[in-house]
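In: Predicted structure and sequence below. I'll ask about it afterward.
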2 protein chains.
Amino acid sequence: MPRIKLTLAYDGTAYHGWQIQPQQSSIQGKLEAALQKLTQETIRIQGAGRTDAGVHALGQVAHFDTASSFPAHEWIRALNAVLPEDIVVHDVAKVDREFHARFSAKEKEYRYQIFNAKQPAPLERQTRWFVRYVLDVGKMEEAAKALRGSHCFTSFCATDTDVEDHNIDLNQIQIVKKGEQIDIIFRASRFLRYMVRNIVGFLVEVGRGKRFPEEVETILAAMDRRAAGLTAPSHGLILVKVIYSGGQN
Amino acid sequence: MPRIKLTLAYDGTAYHGWQIQPQQSSIQGKLEAALQKLTQETIRIQGAGRTDAGVHALGQVAHFDTASSFPAHEWIRALNAVLPEDIVVHDVAKVDREFHARFSAKEKEYRYQIFNAKQPAPLERQTRWFVRYVLDVGKMEEAAKALRGSHCFTSFCATDTDVEDHNIDLNQIQIVKKGEQIDIIFRASRFLRYMVRNIVGFLVEVGRGKRFPEEVETILAAMDRRAAGLTAPSHGLILVKVIYSGGQN
């Protein structure tokens, strides 16, 4: 059976996250329903990462197996015709049976979006965390620099996770300020649950002057979620892209 | 009675436009209801421009008269506490009785936002017109250049308008392309109804190669709405700012 790779974007506002759940609206659920409608097969789809409720994607990747033999551009047209307008397939490719959306991924990029002003921006209220306080971006960058690289990120990881290895190589964590918009870009081969949102929560406290870049070392060493502070809300988070090696990017 | 000037932003998606209408949700209606709640007065608010259904604003301006004597920062806090989250007051100032949001305005800036790609962007579906066709931005700029300046814009004006003078000095019409985003910025002392959306509809047809920059002169001379072609949808349009002379910007 051919294996198909999908690249898709979605507005996560209306969904309880990527993962299919009984009685809840999910991205995976909408995709599987669309595929069932088109193929008359029961298709299980595997995503590169499970985005949480309210989290968006510009370049989520998923794969599935099917007996259908539509050409790639037909899949795009047919899927987008049955999907709701907040989920859009951007690319479809036939891939080797060895390709796995999650296990073949080399790196993922997330972007966390902040709107930093005295009053919120109505047009960005579903894609940026509104932070009213004056933020010292220089201090935030200092703290980000201390977080870059290989660390045990237990202090920035959800406590209810069942993943045991918390050692992550955070290849990139970069802060880009354009006027009232502050974007924080993260790259790593994998992320722990809530890791990006927990790091952003801490960085914003650093920006406000309530925490300090010098604390990073102690917080990481504590290996205790309570050491790092608040979690940024989900609606500012976007899965930007998933990077694969070779020709399957 | 003191006169108050408001500067506000809104997401127009959920509204039937600025202007108050029976049985319809409007920005003006929400503002007047909020003001009535705060002041216990029946307040009529005057906007700088009536945005149509679905049109957004980053810097709409309005004025009203009230017997209340809240200081400016109290107005902002109190109004935003009662307004829905898709309408946000950014600035409040006491102004002279001579100030009029509409008649004192020297210039207005509108931005029309296009998303030009093979597939739509879910996160921008409420603020950008999705155009699938390949657009020749050079040709669009040529046509825009021919539209700049003082002209009779009858061919780009809604036919049901009761405004008689269609001579407009279009001070600026600039096309800015950043990747898949194309923004068209307009500045004039006043605009006719649907003027921006009608110009954008024409420019997109020029970009597609269905119309030509050389036609601008003939279209303007025709003084006939049917000469210019399609109207771009409302959701790509944003009232960016209203400019006043003197200290009341």
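Out: Nice, thanks for sending it over. Numbering: from 1, shown residues only, chains lettered A, B, ... in the order given.
In: From the contact counts, what lies against the helix or strand where residue A:238 lies?
Out: Under the criterion of DSSP states H and E, residue A:238 resides in strand A:237-244. With contacts taken as 3 or more Cβ pairs under 8 Å, 6 or more residues apart in numbering or on different chains; DSSP states H and E, strand A:237-244 sits against strand A:56-65, strand A:105-116. Using the backbone N, CA and C atoms, a C-beta is placed for each residue, glycine as well.
In: is residue A:8 in a bridge, and if so with what?
Out: Residue A:8 has the following beta-bridge partners by DSSP bridges: residue A:60, residue A:89.
In: What is the neighbour count of it?
Out: 25 (other Cβ atoms under 10 Å in any protein chain shown).
In: and if you look at the one 5 residues further on?
Out: By the measure other Cβ under 10 Å, the count of residues near residue A:13 is 17.
In: Save the helices and strands packed on strand A:237-244 as JSON lines, and put in mean pLDDT and mean neighbour count too.
Out: As requested, those are exported to JSON lines (pLDDT from 0 to 100; neighbours: other Cβ atoms under 10 Å in any protein chain shown):
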{"stretch": "strand A:56-65", "mean pLDDT": "97", "mean neighbour count": "22"}
{"stretch": "strand A:105-116", "mean pLDDT": "97", "mean neighbour count": "20"}
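In: Show me how far stretch A:223-233 is from its chain's centre.
Out: Relative to its chain's centre, stretch A:223-233 lies at 18 Å (Cα atoms, centre = their mean, to the nearest Å).
In: which other residues reach that stretch?
Out: Residues from elsewhere that reach stretch A:223-233 (Cβ atoms under 8 Å, 6 or more residues apart in numbering or on different chains): A:54, A:112, A:129, A:152, A:154-159, A:166, A:194, A:196-202, A:204-205, A:211, A:218-219.
In: Quick check on the residues you listed: which are buried?
Out: Among the contacts of stretch A:223-233, the ones that count as buried by 16 or more other Cβ atoms under 10 Å in any protein chain shown are A:54, A:112, A:129, A:154-157, A:166, A:194, A:196-202, A:204-205, A:211, A:219.
In: quick one: contacts for the residue nearest the centre of chain A?
Out: Most central in chain A under Cα atoms, centre = their mean is residue A:239, positioned 3.3 Å from the mean C-alpha point. By Cβ under 8 Å, 6+ apart, the contact set of residue A:239 is A:49, A:51, A:55-60, A:108-110.
In: Show me how chain A divides into domains.
Out: Annotated domains of chain A cover A:3-95, A:107-247 [automatic domain parsing].
In: Give me the buried positions along stretch A:20-35.
Out: Buried, per 16+ other Cβ under 10 Å, within stretch A:20-35: A:20, A:26-32, A:34-35.
In: quick one: which of the residues you listed is nearest chain B?
Out: residue A:27 (10.6 Å; Cβ to the nearest Cβ).
In: State the pLDDT value of that closest one.
Out: Per-residue pLDDT puts residue A:27 at 97.
In: Name the SS class of the nearest residue to it once chain neighbours are set aside, please.
Out: Leaving aside its sequence neighbours, residue A:27 sits nearest to residue A:18 (Cβ to Cβ, 6 or more residues apart in numbering or on different chains; 4.9 Å). Assigned state for residue A:18: coil (three-state reduction, DSSP: H, G, I helix; E, B strand; the rest coil).
In: mind listing what residue A:18 touches?
Out: Going by Cβ under 8 Å, 6+ apart, residue A:18 touches A:26-28, A:47, A:49-52, A:55, A:60.
In: got the residues of chain A near chain B?
Out: For chain A, the contact set with chain B under Cβ under 8 Å from any Cβ of the partner chain comprises A:9-11, A:56, A:58, A:76, A:80, A:85-90, A:118-123, A:125, A:127, A:238.
In: wait, isn't residue A:35 in contact with residue A:29?
Out: No: using Cβ atoms under 8 Å, residue A:35 makes no contact with residue A:29, being 10.9 Å away.
In: For chain A, just list every one of the helices.
Out: A:27-39, A:72-82, A:137-147, A:195-208, A:216-222 (DSSP state H).
In: is it possible to export these to CSV including distance to residue B:182?
Out: Below are these laid out as CSV (distance: least, Cβ to Cβ, whole Å):
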stretch, distance to residue B:182
helix A:27-39, 28
helix A:72-82, 21
helix A:137-147, 30
helix A:195-208, 31
helix A:216-222, 42
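In: In chain A, where is pLDDT below threshold?
Out: Across chain A, residues meeting the criterion (pLDDT under 70) sit at A:246-249.
In: Not counting residues beside it along the chain, what's closest to residue A:95?
Out: In space, and not counting its chain neighbours, residue A:95 is closest to residue A:5: 4.5 Å by Cβ to Cβ, 6+ apart.
In: Tell me how many other residues crowd residue A:127.
Out: 19.
In: just residue A:178 next, same as before
Out: Residue A:178 has 7 neighbours, counted by other Cβ under 10 Å.
In: picking up where we left off before, just the contacts of residue A:239 now: which is nearest residue A:174?
Out: Distance ranking of these against residue A:174, using Cβ to Cβ, places residue A:109 first at 10.5 Å.
In: wait, doesn't the closest one sit right on residue A:187?
Out: Yes: proximity of residue A:109 to residue A:187 meets the contact threshold set by Cβ under 8 Å, at 5.0 Å.
In: Give the residues shared as contacts by the two.
Out: Contacts common to residue A:109 and residue A:187, judged by Cβ under 8 Å, 6+ apart, are residue A:172.
In: Now do the residue lying closest to residue A:47 once chain neighbours are set aside against residue A:192, distance only.
Out: Nearest non-adjacent residue to residue A:47, counting by Cβ to Cβ, 6+ apart: residue A:62, 4.5 Å away. Separation of residue A:62 from residue A:192 (Cβ to Cβ, to the nearest Å): 21 Å.
In: and what of residue A:148?
Out: 16 Å.
In: more neighbours, those two?
Out: The neighbour comparison of residue A:148 against residue A:192 (other Cβ under 10 Å) goes to residue A:192, with 19 against 15.
In: Could you find the closest non-adjacent residue to that one?
Out: Distances taken as Cβ to Cβ, 6+ apart put residue A:157 closest to residue A:192, at 4.0 Å, once the chain neighbours are dropped.
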